[in-house]
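1. mind folding the following:
(one chain, ligands or ions: 2)
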Amino acid sequence: MATTLSTSVESHAENPNTKTLPINLPLDFSSIQSLPESHAWLESNKDDQIENNHGSSLLALPIIDLNDPNAMEQIGLACEEWGAFQLKNHGIPKSVIEELEVQTKRFFDLPQEQKKKALRSCDYPTGYGTVWMTPFFQQRMWQEGFTIFGSSDTNAKKIWHDDYQSFCDAMKKFQDESIVLIEKLIHLSFEYLAISEGNWIGANNHTSAIQLNSYPICPKPENAMGIAPHADTSIFTLVHQSQYSGLQFSKDGSSWFTVPLEPSTVVINTGDVLHILSNARFKSALHRVIVNNIKHRYSMVVHYRPIMDHVISPLVQDNTHDHCPRFRALTFKEYIDIKDNNFDKALSILSVKED
Ligand SMILES: O=C(O)CCC(=O)C(=O)O
Ligand SMILES: [Fe+2]
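-> Ligands and ions are numbered 1, 2, ... in the order given. Down below sits the predicted model:
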């Protein structure tokens, strides 16, 4: 089983600002009136914001209709340009999303004492806790999460004792529907890249994790950070944003596009593994989350990844692009270890240097 979504917490150097708050424990937001120093980011929102002129602007993240006959081409282009897109007619039933929202809110609305019964630890990396990348930053993020690898039963039982089944069912349905969708997207993107699917879709070579995120109303959002800039380790990640926008993507690391809250769409982004499989043709999408002082925001995320001993290496073999593999082959477990220790430098460590 995977450790965390990407990293373990052992390597964290102690941060003087957050000494009193264990690295895996979110702030108890219910008792906070002002932004604590530990959560104050000097430059969180100061970068350029790209206008959200979606629909007409070339700068906007594409909205793709999965029923469009040109969907394959559009998905491929979006993955090359942004590593992300919004998807409509994705096939996940509205009722599944609605129940997912109810159950997610039900969990995060609990008093922190209750949520702590399922606190994540280094040995048991599922459950309630801070976002996986917390150890890499001096400041804490304005976020609390719940991570599910496999089934949520064990953790849900710790919290609710009897009344846990509706939570587990909602998570399972969302996960199952998301996997069906993501496998369609893998099929389409491999077709775009002219990769034979036999190279990837093996019987049991993938796994998925759910990450529920809660971003409470923040007293000083301009100095807070929901989740700091990062790329996911996944092949594809699916995000449902609930109540408020806040997810942002960047092509250059300095200007950020806020993904609008579009009803009936999900956000899809590429991760490091697809970047490697595509021999760097597809981006590994750089993204972050900003917070607000208007509405409590939630997001429900599925990370679709290889299993730990699956060997990943570039699969692109077309003539229009560089034949040379840009990354060395390695198991997903080895990749996770590299990311654990090097965060945003992981891909460059794997790069095969050209002579
Ligand atoms: O909250 C979001 O919209 C995205 C969260 C995210 O990037 C993650 O969980 O990896
Ligand atoms: Fe992410």
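2. what's the local residue count around the residue of the stretch 51-200 of the chain found nearest ligand 1?
-> Nearest residue of the stretch 51-200 of the chain to ligand 1 (CB to the nearest ligand atom) works out as residue 131 at 6.8 Å. Quick note: C-beta positions are derived from backbone N, CA and C, even for glycine. Using other CB atoms under 10 Å, residue 131 is surrounded by 23 other residues.
3. look at it and give its secondary structure.
-> When classified by DSSP: H, G, I helix; E, B strand; the rest coil, residue 131 comes out as coil.
4. I'd like the numbering to begin with 63 instead of 1 from here.
-> Fine by me, first position is 63 from now on; the one you just mentioned is residue 193.
5. quick check: it touching residue 204?
-> No - the criterion here is CB atoms under 8 Å, and residue 193 misses it with residue 204 at 10.2 Å.
6. in space, what's closest to the residue of the stretch 163-312 of the chain found nearest ligand 1 - neighbours in sequence excluded?
-> Using CB to the nearest ligand atom, residue 309 is the residue of the stretch 163-312 of the chain that sits closest to ligand 1, at 3.5 Å. Using CB to CB, 6 or more residues apart in numbering and skipping the chain neighbours, the partner closest in space to residue 309 is residue 321 (4.7 Å).
7. in contact with the one you found, which residues?
-> Going by CB atoms under 8 Å, 6 or more residues apart in numbering, residue 321 touches 123, 146, 148, 303, 307, 309-311, 329.
8. can you check residue 347 too?
-> Taking CB under 8 Å, 6+ apart, one finds 144-146, 293-294, 311, 331-333 in contact with residue 347.
9. next one: phi and psi at it?
-> The phi and psi values for residue 347, taken as degrees, to the nearest 10, are phi -60, psi 120.
10. give me the number of residues near the spatially closest residue to it that is not a sequence neighbour?
-> In this structure, residue 347 finds its nearest non-sequential neighbour in residue 145, 3.2 Å apart by CB to CB, 6+ apart. Taking other CB under 10 Å as the criterion, the count of residues near residue 145 is 27.
11. and residue 145, how far from residue 292?
-> 12 Å (CB to CB, to the nearest Å).
12. am I right that residue 371 is in contact with residue 397?
-> No - when contacts are counted by CB under 8 Å, residue 371 is not listed as touching residue 397 (11.5 Å).
13. and the two? Which one has more around it.
-> residue 397 (25 against 10).
14. how about the more buried one, what does it touch?
-> Listed by CB under 8 Å, 6+ apart, the contact set of residue 397 reads 295, 334-335, 338, 374, 408, 412.
15. just to be sure, it is in a helix?
-> Yes - checked against three-state DSSP, residue 397 lies within a helix.
16. show me which residues of this structure are close to ligand 1?
-> Contact residues, the chain versus ligand 1 (CB under 6 Å from any ligand atom): 273, 275, 289, 294, 301, 303, 309, 349, 351, 361, 363.
17. can we see that at 5 Å?
-> By the rule CB under 5 Å from any ligand atom, the part of the chain lying against ligand 1 is 273, 275, 301, 309, 351, 361, 363.
18. out of these, which sit inside strands?
-> 273, 275, 301, 309, 351, 361, 363 (DSSP state E).
19. the second one and residue 360: what is the separation?
-> Spelled out, that is residue 275. 7 Å.
20. put together a markdown table for the residues of the chain next to ligand 1, with pLDDT and neighbour count on each row.
-> Formatted as a markdown table, the residues of the chain next to ligand 1 follow (pLDDT from 0 to 100; neighbours: other CB atoms under 10 Å):
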| residue | pLDDT | neighbour count |
| --- | --- | --- |
| 273 | 98 | 21 |
| 275 | 98 | 26 |
| 301 | 98 | 22 |
| 309 | 97 | 26 |
| 351 | 97 | 25 |
| 361 | 98 | 24 |
| 363 | 98 | 23 |
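21. which one of those residues is nearest residue 96?
-> residue 351 (20.6 Å; CB to CB).
22. tell me what the helix or strand harbouring residue 349 is packed against?
-> Per DSSP states H and E, residue 349 falls inside strand 348-351. Helices and strands touching strand 348-351, by 3 or more CB pairs under 8 Å, 6 or more residues apart in numbering; DSSP states H and E, are strand 289-292, strand 309-312.
23. again, only using 10 Å
-> Counting by 3 or more CB pairs under 10 Å, 6 or more residues apart in numbering; DSSP states H and E, the packing neighbours recorded for strand 348-351 are strand 289-292, strand 298-304, strand 309-312, strand 317-320, strand 327-332.
24. I appreciate the help and will end here.
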